[in-house]
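1. The following block contains a protein sequence and its predicted model.
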Amino acid sequence: MAATKKALVKTALPGPKSLELAKLKEMYISKSISIAAPVYIEKAAGSIFYDVDGNQFIDMGSGIGVNNLGNCNREVVKAVKDQVGKYMHLCFMVTPYEPYVRLAEKMAKMAPRPYLTKSAFFNSGAEAVENAVKVARHYTKKTAVFSFQHSFHGRTQMGMALTAKEQPYKAGFGPLPETYKLEFAYCYRCPLNLRHPSCGIACADKIDEVFSSQQFAGKVACLISEPIAGEGGFIVPPDEFFPKVSQICKKHNVLLIMDEIQTGAGRTGKMWCMDHWPSADYDMMTTAKGIAGGMVISGLTGRAEVMDETQAGGLGGTFGGHPAACAAALVQMELVHKNLDKVEKINKYMTGRLKKMQKKYLIIGEIRGKGAMMAIELVKDPVSKEPAVEETKIIKDHAFKNGMILLSCGTLGNVIRMHPSILMPKSILVEAMDILEGGLEATVKK
């Protein structure tokens, strides 16, 4: 018997109730808050959304990589309910509480490197990034801060400065703090016009040149990088990249900060994405998104000597490490760890289907990603690699009209990204890939 379809569209999209709410949004919410799918959700369970008009959607966005175990995981929800029944808010800086301490302990035990032992907790990922830079500057007594092209590190002043993409994240919000950009290992569109592996990871050598230059020698506090460039297009660097970058940072006494906000908590098949490159050393990592199953929390975890160098009171925040979020994270992290084996199965099926699609549809220029963090870069021509921006929008819209929430990304706006829950049932994943293929078919025919 065929599996019952989970994507179910009963009304025109958006439906009448969603349109009613959209009018209120227009009246009362800043137009700067954009929406990817204009339907208003009434409830969610696992990998399925139910909107206010009775439509059902397969969730391939996971709240932008947050719901790694799906929406409203029962054990996580129970942990939150149990905690809020005890106390809602105390402020750890006033009267400390056990969930914060236990979460710091768990982060140290689950850290991708044994020397990452001390943590501090905040609210958003951008706040964790801000504090990472603060700590790096305080510890090194240096000021220059570097990030990579195609990076995304948040929407605060420093977060925007570190982020590469101008529109819509940075335009008109300056002046921003002074930061500097390096070339990321984007092999499909190599900025140096070289080919891997014969290139010898020349993009990393360029970092050494910059750090050795008269302008920056002895002045660089830190380099922050995502293990996989997320918003930039799910760009996965070659295996030699981060080990080489870490050696260059050591050579110049530059702290290396890994931004695991989108890639962490099991998303790529390892507890942390940097577990894929065990020989690369670094000093701090930022976390958020998937660590608490949808509750609001972020973390900064690093070497003890780095994290302890700032003065007492130098880090903090009223809601940082909220007790309910800490309780959720304690359960979420344990559940993710127990279910890591499921990620390989999801990746194997997705990769297999995407490769078949690539042979059939030349619009797919490259398939990339790790684990349950997969993407396709779309091009008008496989030789010229001209970005297929409009086609990307059409495919995303086709998915929406057929009952699937699908997100795009990429510096050039031509990447379809997929963030399925690591617990997504095979039947739903098959249906999701069928809808994606339908979108490719419809787009190519046009």
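-> Good, I have the coordinates.

2. Which of the residues in stretch 219-234 are classified as buried?
-> Going by neighbour count (16 or more other Cβ atoms under 10 Å), the buried part of stretch 219-234 is 220-234. Glycine gets a C-beta too; all of them are placed from N, C-alpha and C.

3. Tell me which other helices or strands whichever helix or strand Phe211 is part of touches.
-> Per DSSP states H and E, Phe211 falls inside helix 202-212. Using 3 or more Cβ pairs under 8 Å, 6 or more residues apart in numbering; DSSP states H and E, the elements in contact with helix 202-212 are strand 180-182, helix 241-251.

4. Buried residues of the shortest one, list them for me.
-> What that stands for is strand 180-182. In strand 180-182, counting by 16+ other Cβ under 10 Å, buried: Lys181, Leu182.

5. could you say what helices and strands that strand packs with?
-> Using 3+ Cβ pairs under 8 Å, 6+ apart: strand 180-182 touches strand 144-148, helix 202-212.

6. Tell me who's in contact with the closest residue to Asp275 other than its chain neighbours.
-> Excluding the flanking residues, the one nearest Asp275 by Cβ to Cβ, 6 or more residues apart in numbering is Pro112, at 5.1 Å. Pro112 is in contact with Lys270, Met271, Trp272, Met274, Asp275, Pro278, Met285, counting by Cβ atoms under 8 Å, 6 or more residues apart in numbering.

7. Can you read off the backbone torsions of Pro112?
-> Dihedral pair for Pro112: phi -70, psi -10, per degrees, to the nearest 10.

8. where's it relative to Thr263, distance?
-> 11 Å (Cβ to Cβ, to the nearest Å).

9. So Gln56 is in contact with Leu13, correct?
-> No. Using Cβ atoms under 8 Å as the test, Gln56 is too far from Leu13 to be in contact (11.8 Å).

10. coming back round to it: can you put the helices and strands packed on helix 202-212 in TSV and add mean pLDDT and distance to Lys17?
-> Converted to TSV, the helices and strands packed on helix 202-212 look like this (pLDDT from 0 to 100; distance: least, Cβ to Cβ, whole Å):
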stretch	mean pLDDT	distance to Lys17
strand 180-182	98	45
helix 241-251	98	48
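
11. Adding distance to Glu390, write these out as CSV.
-> Shown next, in CSV, are those (distance: least, Cβ to Cβ, whole Å):
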stretch, distance to Glu390
strand 180-182, 28
helix 241-251, 32
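
12. I'd like to know which of those is closest to Gln214.
-> Proximity to Gln214 (Cβ to Cβ) singles out strand 180-182 among the helices and strands packed on helix 202-212, at 14.3 Å.

13. Strand partners (parallel or antiparallel) of the closest one?
-> When pairing is defined by DSSP bridges, strand 180-182 lines up against strand 144-148 (parallel).

14. mind listing what Ala304 touches?
-> Tyr115, Thr117, Lys118.

15. Provide a list of residues in contact with the second one.
-> Taking Cβ under 8 Å, 6+ apart as the definition of contact, the neighbours of Thr117 are Ala108, Ala111, Thr301, Arg303, Ala304.

16. And it, how close does it get to Ala132?
-> Distance from Thr117 to Ala132, by Cβ to Cβ: 16 Å.

17. Settle it for me: which of Gln56 and Leu13 has more neighbours?
-> For Gln56 versus Leu13, neighbours defined as other Cβ atoms under 10 Å are more numerous around Leu13 (20 against 16).

18. Isn't the more buried one up against Ala399?
-> No. Leu13 is not in contact with Ala399 according to Cβ under 8 Å; the separation is 11.3 Å.

19. helix, strand or coil for the residue most central in space within the chain?
-> Nearest to the geometric centre of the chain sits Gln262, at 2.1 Å (Cα atoms, centre = their mean). What DSSP: H, G, I helix; E, B strand; the rest coil gives for Gln262 is coil.

20. show me the residues around the residue nearest to Lys5 when sequence neighbours are not counted that make contact.
-> Using Cβ to Cβ, 6+ apart and skipping residues adjacent in sequence, the residue nearest Lys5 is Glu431, 6.2 Å away. Residues counted as contacts of Glu431 (Cβ under 8 Å, 6+ apart) are Ala3, Lys5, Lys6, Ala7, Ile58.

21. burial count for Glu377?
-> 25.

22. Just confirm it is within a strand.
-> Yes. Counting by three-state DSSP, Glu377 is part of a strand.

23. From Leu182, how far off is it?
-> Glu377 is 21 Å from Leu182, by Cβ to Cβ.

24. Show me what the mean pLDDT comes to for stretch 59-74.
-> The average pLDDT within stretch 59-74 is 96.

25. Please identify the buried residues of it?
-> Asp59, Met60, Gly61, Ser62, Gly65, Val66, Asn67, Asn68, Leu69, Gly70, Asn71, Asn73.

26. Closest one of those to Phe92?
-> Val66 (22.6 Å).

27. Excluding sequence neighbours, find me the nearest residue to the closest one.
-> Lys289 is the one closest to Val66 (Cβ to Cβ, 6+ apart), at 4.7 Å.

28. Then Ile35?
-> Lys25 (7.9 Å).

29. What of Ala111?
-> Ala111's closest residue in space is Thr301 (Cβ to Cβ, 6+ apart), at 6.1 Å.

30. how would you label the one you found: helix, strand or coil?
-> strand.

31. Quick check, it in contact with Tyr282.
-> No. The pair Thr301 / Tyr282 is not scored as a contact, 10.8 Å apart, by Cβ under 8 Å.

32. Sketch out the low-pLDDT regions of the stretch 151-300 of the chain for me.
-> Applying pLDDT under 70 to the stretch 151-300 of the chain flags no residue at all.

33. so what are the domain limits for the protein?
-> 16-59+341-445, 76-338 (automatic domain parsing).

34. Straight-line length of the last one, end to end?
-> Domain 76-338 has an end-to-end distance of 14 Å (criterion: Cα to Cα, to the nearest Å).

35. swap in stretch 111-121?
-> Stretch 111-121 stretches 15 Å from its first residue to its last (Cα to Cα).

36. for the buried residues of stretch 219-234, which one is nearest Gly321?
-> Looking across the buried residues of stretch 219-234 and measuring by Cβ to Cβ, the closest to Gly321 is Ile224, at 21.6 Å.

37. which residues touch that closest one?
-> Neighbours of Ile224 in contact, by Cβ under 8 Å, 6+ apart: 129, 132-133, 145-147, 151, 153, 162, 257-259, 286.

38. Just give me the closest of those to Lys81.
-> So of the contacts of Ile224, ranked by how close each gets to Lys81 (Cβ to Cβ), first place is Thr286, at 28.2 Å.

39. count of neighbours near that closest one?
-> 28.

40. With the one 3 residues further on instead?
-> As a burial measure, the neighbour count of Lys289 was computed by other Cβ under 10 Å and equals 27.

41. hang on, isn't it packed against Ala128?
-> No. Look at Lys289 against Ala128 with Cβ under 8 Å: they stay out of range, at 10.4 Å.
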